[in-house]
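Colleague: I would like to see how this sequence folds:
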Amino acid sequence: MREEARMDNPVLRSLRDGKPAFGMSVRMTRSADIARIARATGHDFLFIDTQHAIFDIETIAHIAQTALAIGVAPVVRVRGVDDPDIALLLDNGVSGIVFPDISTVAQARRAVEIVRFPPLGKRSVSGGYVQFDFRTRPVGEAVAELQAATLLVCMIETVEGLENVEAIAAVPGIDVLHVGSNDLLVGMGKAGQFDDSAIVTAQDRVIAAARANGIFAGCGGNRDVARQAEAVRRGALFLTTQSDIALLAAAAGAWTAGLRKALGDAP
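Modeller: Okay, the predicted model is just below:
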């Protein structure tokens, strides 16, 4: 008889080992093939973005099941703490939830309530979890493994959230504080100024708050390899690299530009 499936979240494993975890933002792809592409390109997780793209739950579940099977963590950015689909996503293969726009301690506590089982939260127990290949598991074992392997990420992307970050970081049950660089810069009145000292200082403040509470920091929205590498060096270990749309567009554009150059028709 084959060994029973056990939970393992590659993102949490990397973070706990002090190593960066890289995620591909998924906005366009509706096929589970994206999980295999993510693994082949060195990504540890999928950042499935339901805040800015339209997905149905069945599609996410199919992507999540493939990702789980090949060791890529399926993580979903939901629409907010009031998103009604969070429990369904977690019960059907998603191994991490990213909450956007966490600006207050109350919002952070609400996020924990939704994602964590008691006593930390209020998540309801289901049965026949895909995470265990639908095998029956003692409830106590299943709950403990799911609790330990489910990633909870709170995004800091407003000035208010930054001002409250130390208190947010102290809320039990959070794994990652993830800086939404784009929105935070817009809120600061510095849209697109990724090299501005204010965003660097903000990222460092989030890293410090996370470290002080034994959790991890992340960096998102900053789509430049050199800046991303510097954020990792400073301590932002949870990193979204680029979106599937942008990666496809960049590769396709480079290819046609190369063809035109080879044919002597470069503009």
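
Colleague: so where's the stretch 1-150 of the chain shaky on pLDDT?
Modeller: 1-6 (pLDDT under 70).

Colleague: what separates R13 from N213, distance-wise?
Modeller: Going from R13 to N213 by Cβ to Cβ, to the nearest Å gives 20 Å. Just so you know, the C-beta spots here come from the backbone N, C-alpha and C atoms, and that holds for glycine as well.

Colleague: ok, now D204?
Modeller: For D204, the distance to N213 equals 15 Å [Cβ to Cβ].

Colleague: how long is stretch 75-94 end to end?
Modeller: Across stretch 75-94, the terminal residues are separated by 6 Å (Cα to Cα, to the nearest Å).

Colleague: may I see the buried residues of it?
Modeller: By 16 or more other Cβ atoms under 10 Å, the buried positions in stretch 75-94 come out as 75-78, 81, 83, 85-86, 89-94.

Colleague: format those residues as TSV; extra columns: secondary structure.
Modeller: Shown next, in TSV, are the buried residues of stretch 75-94 (DSSP: H, G, I helix; E, B strand; the rest coil):
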residue	secondary structure
V75	strand
V76	strand
R77	strand
V78	coil
V81	coil
D83	coil
D85	coil
I86	helix
L89	helix
L90	helix
D91	helix
N92	coil
G93	coil
V94	coil
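
Colleague: switch these over to JSON lines; also include distance to D175.
Modeller: Compiled in JSON lines, the buried residues of stretch 75-94 are given as follows (distance: Cβ to Cβ, whole Å):
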{"residue": "V75", "distance to D175": "11"}
{"residue": "V76", "distance to D175": "14"}
{"residue": "R77", "distance to D175": "14"}
{"residue": "V78", "distance to D175": "15"}
{"residue": "V81", "distance to D175": "16"}
{"residue": "D83", "distance to D175": "18"}
{"residue": "D85", "distance to D175": "20"}
{"residue": "I86", "distance to D175": "15"}
{"residue": "L89", "distance to D175": "16"}
{"residue": "L90", "distance to D175": "14"}
{"residue": "D91", "distance to D175": "19"}
{"residue": "N92", "distance to D175": "20"}
{"residue": "G93", "distance to D175": "18"}
{"residue": "V94", "distance to D175": "14"}
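
Colleague: from those, pick the one nearest A106.
Modeller: V81 (9.2 Å; Cβ to Cβ).

Colleague: how much space separates that closest one from R30?
Modeller: Going from V81 to R30 by Cβ to Cβ gives 26 Å.

Colleague: quick check, nearest of the buried residues of stretch 75-94 to D183?
Modeller: Nearest to D183 out of the buried residues of stretch 75-94 is R77 (Cβ to Cβ; 12.3 Å).

Colleague: what are the bridge partners for the closest one, then?
Modeller: Counting by DSSP bridges, R77 is bridged to D49, V98.

Colleague: please name the residues that touch it.
Modeller: By Cβ atoms under 8 Å, 6 or more residues apart in numbering, R77 lies in contact with F47, I48, D49, T50, Q51, V98, F99, P100, M155.

Colleague: of those residues, which is the nearest to A40?
Modeller: F47 (16.8 Å).

Colleague: pull the distance from the helix or strand that contains I63 to the chain's centre.
Modeller: Using DSSP states H and E, I63 sits in helix 57-70. Using Cα atoms, centre = their mean, to the nearest Å, the mean C-alpha position of helix 57-70 is found 15 Å from that of the whole chain.

Colleague: all good on my end, thank you.
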